[in-house]
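K.L.:
Using only what follows, build the 3D model:
(one chain, ligands or ions: 2)
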Amino acid sequence: MAELNLILLGPPGSGKGTQGERLQEDLDCPYYATGDILRAAVKEGTEVGRAAKEYMDRGDLVPDEVLIGIISDRLGSGEADHGFILDGFPRTVVQAEALDAELGELGRQLTAVVLIDVDDDEIVNRLSGRRVCQDKGHVYHVEYNPPAEEGICDVDGSELYTRDDDRPEVVRHRLEQYHDKTAPLVDYYKKQGLLNRVEGADDPDRVGEKIRTLVSTLSLEEG
Ligand code: ADP
Ligand code: ADP
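P.N.:
Ligands and ions are numbered 1, 2, ... in the order given. Below you'll find the model as predicted:
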């Protein structure tokens, strides 16, 4: 099967992480969630983590060159040679252009961009109830997707926490950043004929089914 080079695009809380975990199991290719990568760097206290923390706490975007460096390292490492799933990158037109250039140099191109579309009111509901596992970042919701045992991750038994940037005032700022800086990517990828919109307001299984169907069609087309 030809490689699938996929981007999951959508506002914060639209379900990119939830669906990315499922897709990764289906496709068995590297899954790069830049928010997870940055949070791990903050936890480890690396140079990138120290540079990123203040932006993340405010709900601002971390500077483009930091993110472009992170993704370029991974694409150049060989581990993503047979496909990848990107979640949370690109988030600006500058990042998207850098990704196009990087893939071009490697003689590769994107297969598709999956836009998970969810409106702002629903985003606020989702993020206020989001809980994340300390260990690997598995994602839950207190109401829509609760763990079997309250406060504990079903997969690895680690404790669940509420992200600092999921506080309502930070969420509002993150949404502004999305509309201002990331939403222009919808047109950017539409023009390249890569955009596939999926209604994200359904329950997670239904959204997952729609994405799975879309990806199977793409695999057939790619031969
Ligand atoms: P969500 O999916 O809930 O929006 P993420 O976990 O993807 O959040 O990202 C958390 C934070 O990490 C963002 O608010 C931003 O500060 C930073 N971040 C992640 N990816 C990028 C990116 N591609 N460009 C700039 N900042 C990023
Ligand atoms: P993102 O990675 O885009 O920020 P997440 O996958 O972390 O989004 O989802 C945000 C929150 O919404 C989580 O608490 C998650 O459990 C919940 N969630 C995800 N998809 C759905 C859905 N289709 N319906 C209801 N809640 C959802």
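K.L.:
quick one: contacts for the most centrally placed residue in the chain?
P.N.:
Geometric centre of the chain, nearest residue: residue 87, 2.3 Å, by CA atoms, centre = their mean. Counting by CB atoms under 8 Å, 6 or more residues apart in numbering, residue 87 makes contact with 8, 16-17, 20, 31-35. All C-beta atoms are positioned from the backbone trio N, CA, C, and that covers glycine.
K.L.:
Just want to check the distance between it and residue 29.
P.N.:
Taking CB to CB, to the nearest Å as the measure, residue 87 falls 13 Å from residue 29.
K.L.:
Shouldn't residue 52 be within a helix?
P.N.:
Yes. When classified by DSSP: H, G, I helix; E, B strand; the rest coil, residue 52 is found to be part of a helix.
K.L.:
What's opposite the nearest residue to residue 163 once chain neighbours are set aside in the beta bridge?
P.N.:
Leaving aside its chain neighbours, residue 163 sits nearest to residue 132 (5.9 Å; criterion: CB to CB, 6 or more residues apart in numbering). Beta-bridge pairing for residue 132 (DSSP bridges): residue 139, residue 161.
K.L.:
Next up, the contacts around residue 132.
P.N.:
Contacts for residue 132 (CB under 8 Å, 6+ apart) come out as 138-140, 160-163.
K.L.:
just curious, which of these is nearest to ligand 1?
P.N.:
Each of those was checked against ligand 1 using CB to the nearest ligand atom; the closest is residue 163, at 7.7 Å.
K.L.:
Which of the contacts of residue 132 sits closest to residue 199?
P.N.:
residue 139 (19.6 Å; CB to CB).
K.L.:
So which residues of the protein form strands?
P.N.:
Applying DSSP state E to the chain gives strands spanning 4-9, 31-33, 83-87, 112-117, 130-133, 139-141, 160-161, 195-199.
K.L.:
and the ones you listed as TSV, adding distance to ligand 2 and mean pLDDT?
P.N.:
TSV is the format used below for those (distance: least, CB to the nearest ligand atom, whole Å; pLDDT from 0 to 100):
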stretch	distance to ligand 2	mean pLDDT
strand 4-9	8	97
strand 31-33	7	96
strand 83-87	6	97
strand 112-117	7	98
strand 130-133	3	95
strand 139-141	3	95
strand 160-161	10	96
strand 195-199	10	97
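K.L.:
Let me see the contact set for the nearest residue to residue 198 once chain neighbours are set aside.
P.N.:
Using CB to CB, 6+ apart and skipping the chain neighbours, the partner closest in space to residue 198 is residue 210 (5.0 Å). Residues counted as contacts of residue 210 (CB under 8 Å, 6+ apart) are 198-199, 202.
K.L.:
The closest residue to residue 86 other than its chain neighbours: what's it in contact with?
P.N.:
Nearest non-adjacent residue to residue 86, counting by CB to CB, 6+ apart: residue 7, 4.8 Å away. Contacts for residue 7 (CB under 8 Å, 6+ apart) come out as 85-86, 89-90, 110, 112-114, 189.
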